[in-house]
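Undergrad: sequence plus predicted model, see below.
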Amino acid sequence: MIETWIALVLIWTPMMDRSVDREFRTEKECWDYYKDGIGESKWGEKINHSATVRPDGNYHWKLSFDFPIRMYEGKDGNKVWLSCERKQPKIFNK
């Protein structure tokens, strides 16, 4: 089985919109893609300007699992959260 990582984007408007921006082969490839202005050009100014390296488990903040979140001040005033996560297989409930 080949592992796939996705760039999961959450946009906080009055409601939350969730989408997958791209797929990557590794977590590092995912984070590296959005550095050097790609994320800013898509969503607006990055909230944490002191980040000079890709996020790790201690970057900015994280939930109870190991995936960090990078935040952007959305171009339209909404908050944008970016996380690189393992793509999970579809699970169908019967």
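TA: Here it is on my side, so go on. Since the model is a prediction, treat every value here as computed from it, not as a measurement.

Undergrad: where does pLDDT dip in this protein?
TA: The chain contains residues with pLDDT under 70 at 1, 48-67, 89-94.

Undergrad: what about the helices in it?
TA: 27-33, 38-43 (DSSP state H).

Undergrad: could you dump these to CSV with mean neighbour count and distance to Ile69?
TA: Just so you know, the C-beta spots here come from the backbone N, C-alpha and C atoms, and that holds for glycine as well. Listed next are the helices of the chain as CSV, based on neighbours: other Cβ atoms under 10 Å; distance: least, Cβ to Cβ, whole Å:
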stretch, mean neighbour count, distance to Ile69
helix 27-33, 17, 11
helix 38-43, 16, 12
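
Undergrad: for these, which one sits closest to Arg86?
TA: Between Arg86 and the helices of the chain, the shortest separation by Cβ to Cβ is 8.0 Å, and it involves helix 27-33.

Undergrad: now that closest one, how far from the chain's geometric center?
TA: With Cα atoms, centre = their mean, to the nearest Å as the basis, helix 27-33 stands 10 Å off its chain's centre.

Undergrad: swap in stretch 76-87?
TA: The answer for stretch 76-87 is 4 Å, by Cα atoms, centre = their mean.

Undergrad: buried residues in it, which are they?
TA: Counting neighbours by 16 or more other Cβ atoms under 10 Å, one finds that the buried residues in stretch 76-87 are Asn78, Lys79, Val80, Trp81, Leu82, Ser83, Cys84.

Undergrad: who touches it?
TA: Contact with stretch 76-87 is made by 3-13, 21, 23-24, 27, 30-31, 34, 39, 43-44, 67-74, as judged by Cβ atoms under 8 Å, 6 or more residues apart in numbering.

Undergrad: understood, closing this out.
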